[in-house]
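Participant: Okay, here's the prediction I keep looking at, along with the sequence it came from:
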Amino acid sequence: MRALVWHGKEDIRCDTVTDPEIEDPRDAIIKVTSCAICGSDLHLFHNFIPAMLPGDIMGHEMMGEVVEVGSGVNGKLKTGDRVVVPFTIICGECDQCKRGNFSVCERSNRNKHLADKVFGHTTAGLFGYTHLTGGYPGGQAEYMRVPFADTTHIKIPDGIADEQVLFLGDIFPTGWQAAVHCDIEPTDTVAVWGCGPVGQMAIRSAIMLGAKQVIAIDRIPERLSMAEAGGAIPINFETQSVVGELNELTNGKGPEKCIDCIGMEAHVTPAQPDTVLDRAKQMFMLENDRPHVLREMIYVCRPGGIISIPGVYSGFADKVPMGQLMNKGLTIRTGQTHVNRWTEDLLHRIEDGQIDPSFVITHTVTLDQGPEMYKVFRDKQDSCIKVVLKP
């Protein structure tokens, strides 16, 4: 089969690789009909997250048709079923899964010993996302093996296009969880840093959850326009003062809730000297992440507020203002997404017409075009916001 394969920093290729096979009774084989390039994939593309190996198959946002099931799936899936595959692999039986904390499943990371050393305790296995999270082949491929397939799936009814439901596997529940973590009240102002795909979903989720106003912060005109079309007030941080505008929009009090949809790769700009310092430290391996957004959120958030972090961080971040955080009494909520906790509700919202997540798609291409689209997506060329691949 054909798949997008990691060969090193900024080197993704469309290769011919071995077809997947059933390895465990709870496995299923999926013929991928649609997959996508995620912002998190760019962290791997840049080799900012450790434990990728040449030959690893990329991708963690995919859906398709079941073509084979193991004997242990026990009728929960059958050949011909149409499914979205969440990026989190879940056993459904451990203490964390029983609590709905699916992204920290205790059993699905087959490199648990490595994760225990790095994180202190293991987190869930993830598709296409380094050997720290199991080294599972991803879904930017013609076929994929789904372990724990009886629990790691979202069954999709007929009559709904791939593009409407594909993002149930990652960015839609990620944006939704980010907003839910904010405990939004009708009087709240919610500020969202980053208007990429996850940011767009967080904006619309905050609006659906009843925020008084949502403010979107970015520098790309197309992203800001898309955010404004979704009901947000845009701030372009290259031409406007984020702190000044947020104070103006909140009568000097600051937003009650702040969402970081940027994470470890905050944009570097001379107007913000800490971003330049972070990039220099990152280049010399003195710091993993560029946490400018985190610092700014802590500074502007209203005392007693909540900071929600769906943006991915990989390791150590320098000069995080813990004094401001503690003295202002802020709450921070983080985590990879507990995808299956949210998907039943979100699928109903799609079916009811409350939201059509396909609005975020700007490019649809073949799998063979994937390596080039990684660069287009990274460089924000051709007004690119979200890329869907068709194997």
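Facilitator: Perfect, I can see it now. Numbering: from 1, shown residues only.
Participant: Would you map the helices across the chain?
Facilitator: With DSSP state H as the definition, the chain shows helices at residue ranges 39-45, 95-98, 112-119, 162-165, 171-180, 197-208, 221-229, 242-249, 273-283, 292-300, 322-327, 339-351, 370-378.
Participant: then the first one to PDB, C-alphas only?
Facilitator: This file holds the C-alpha atoms of helix 39-45, laid out as PDB (Å, rounded to 0.1, in the frame of the first residue of the first chain):
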ATOM      1  CA  GLY A  39      -1.000  21.000  13.100                       C
ATOM      2  CA  SER A  40       0.500  18.500  15.500                       C
ATOM      3  CA  ASP A  41       2.000  16.600  12.600                       C
ATOM      4  CA  LEU A  42       4.100  19.700  11.900                       C
ATOM      5  CA  HIS A  43       5.800  19.200  15.300                       C
ATOM      6  CA  LEU A  44       6.900  15.800  14.000                       C
ATOM      7  CA  PHE A  45       7.800  17.300  10.600                       C
END
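Participant: Return the list of helices and strands in contact with that helix.
Facilitator: helix 370-378 (3 or more Cβ pairs under 8 Å, 6 or more residues apart in numbering; DSSP states H and E). (C-beta placed from N, C-alpha, C; glycine too.)
Participant: mind listing what's buried in the helix it packs on?
Facilitator: Burial within helix 370-378, assessed by neighbour count using 16 or more other Cβ atoms under 10 Å, is assigned to 370-371, 373-374, 376-378.
Participant: Likewise for stretch 156-165?
Facilitator: Neighbour counts over stretch 156-165 (16+ other Cβ under 10 Å) mark 156, 162-165 as buried.
Participant: So what's the gap between it and the chain middle?
Facilitator: Taking the mean C-alpha point of stretch 156-165 and that of its whole chain, the gap between them comes to 20 Å (Cα atoms, centre = their mean, to the nearest Å).
Participant: ditto for stretch 357-370
Facilitator: With Cα atoms, centre = their mean as the basis, the mean position of stretch 357-370 lies at 16 Å from the chain mean.
Participant: Can you give me the end-to-end span of that stretch?
Facilitator: 21 Å (Cα to Cα, to the nearest Å).
Participant: Contacts for that stretch, please.
Facilitator: Outside stretch 357-370, the residues that touch it by Cβ atoms under 8 Å, 6 or more residues apart in numbering are 2-4, 12, 14, 35, 37, 140-142, 161, 163-168, 171-172, 197, 200-201, 222, 226, 230, 350, 373, 376, 382-391.
Participant: now with 7 Å?
Facilitator: Contacts of stretch 357-370 with the rest of the structure, by Cβ atoms under 7 Å, 6 or more residues apart in numbering, involve 2, 4, 12, 14, 140, 163-164, 167, 172, 197, 200-201, 350, 373, 383-391.
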